[in-house]
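Novice: one predicted model, sequence on top.
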Amino acid sequence: MARKKKNGLSIAIVALNIVIVGIIILLIVLVYLHMKEDIGNDRTVTTTTPAAVRTSEPVSDSVSAVSTDAAGSTPAETAGENTEETTGGTEETVPVDNLVLPQYSREFFSEDLFIGDSISTGLYLYDYLDAENVFAEVGLNPESALTKKVNDVTCIEKAAEMRPKRIYVMLGTNGLAFMDVDYMSTKMTELVAELEMACPVAKICVISLPPVTKEHDAEGNETMTEITEYNLKLEAMCNQGGFTYVDICSKLKDSDGYFSSQYAEDDGLHFLGSAYALLLGTIENQIG
């Protein structure tokens, strides 16, 4: 009888040990699953959508990858609105297509003035330059720039008040659809002459018109034929008047001679962030 009791007690102890081991294993599994869930929540997933992401600092040490708005309209006010969300609820910032672009210094342009249309508004809307360094308006062209006021001043008045070290003018895209190229180049000559009188010490630089994509060219409003003809006139004007001509058009072209998809917005006319970085880097390399 005593032996039976002892055997029963041994079996009970073994059963208890088995239960305890089972509980320990269950606890280990639960802890592992909990840790795995936490790690999954903290992991971010980068989605590289070339036209829709930006870097946090579009300056000399970093290339911005924001995109500008479509033709005839001001670029979106919220630069990061197209940034993909990560699984953790944060936003990941990456450069577009990992392009190798010339660096530029924000300080280099701190005393300069850019005059342009909706393309140029992206320079300050997306924080490439300070707003005070840009005189730009949607729809501006070489003719309207002579009299159009932005913040109650014309570009001539702003230049005279600011007395910039350098003045950059990139205008003409908005006139190609309805202005003769000769007439528009004449108006550009008048504009540059007035800027020179207002700021005789400033270095005046005329930037070529950027290209358009093949699809945009086919629409017939702004074509590469007109852009090429107009840019040749701008270059001749600069050579004759002693101004600096900055050729950004050739640097933005693809192998077919149209606006490269690496730099062009969906409308085939406006700039992605990579094009702004290329523009500023090209200017600084040529002039600096």
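Specialist: Good, I have the coordinates.
Novice: which helix or which strand is home to residue 104?
Specialist: In the assignment (DSSP states H and E), residue 104 maps to no helix and no strand.
Novice: sorry, slip of the keys, the one I care about is residue 236.
Specialist: Assigned by DSSP H and E, residue 236 falls in helix 224-241.
Novice: quick one: mean pLDDT for the following helix or strand past that helix?
Specialist: Remark: after helix 224-241, the chain's next helix or strand is strand 244-246, criterion DSSP H and E. In this model, strand 244-246 has a mean pLDDT of 98.
Novice: which other helices and strands contact the helix or strand just after strand 244-246?
Specialist: Beyond strand 244-246 on the C-terminal side, the first helix or strand identified by DSSP H and E is helix 273-287. For helix 273-287, the packing partners by 3 or more C-beta pairs under 8 Å, 6 or more residues apart in numbering; DSSP states H and E come out as strand 203-207, strand 244-246. Every C-beta, even on glycine, is put in place using the N, C-alpha and C of the backbone.
Novice: how far is the shortest one from where the chain is centred?
Specialist: The gap between the average C-alpha position of strand 244-246 and the chain average comes to 22 Å, counting by C-alpha atoms, centre = their mean, to the nearest Å.
Novice: what's it packed up against?
Specialist: strand 203-207, helix 224-241, helix 273-287.
Novice: quick one, which of these is nearest to residue 25?
Specialist: Taking C-beta to C-beta as the criterion, helix 273-287 is the member of these that comes nearest to residue 25, at 54.2 Å.
Novice: so who does the closest residue in space to residue 108 that isn't next to it in sequence touch?
Specialist: When the adjacent residues along the chain are set aside, residue 108 lies closest to residue 284, with 5.2 Å between them (C-beta to C-beta, 6 or more residues apart in numbering). Contacts for residue 284 (C-beta atoms under 8 Å, 6 or more residues apart in numbering) come out as 102, 104, 105, 108, 109.
Novice: residue 288 too?
Specialist: Residue 288 neighbours (C-beta under 8 Å, 6+ apart): residue 108.
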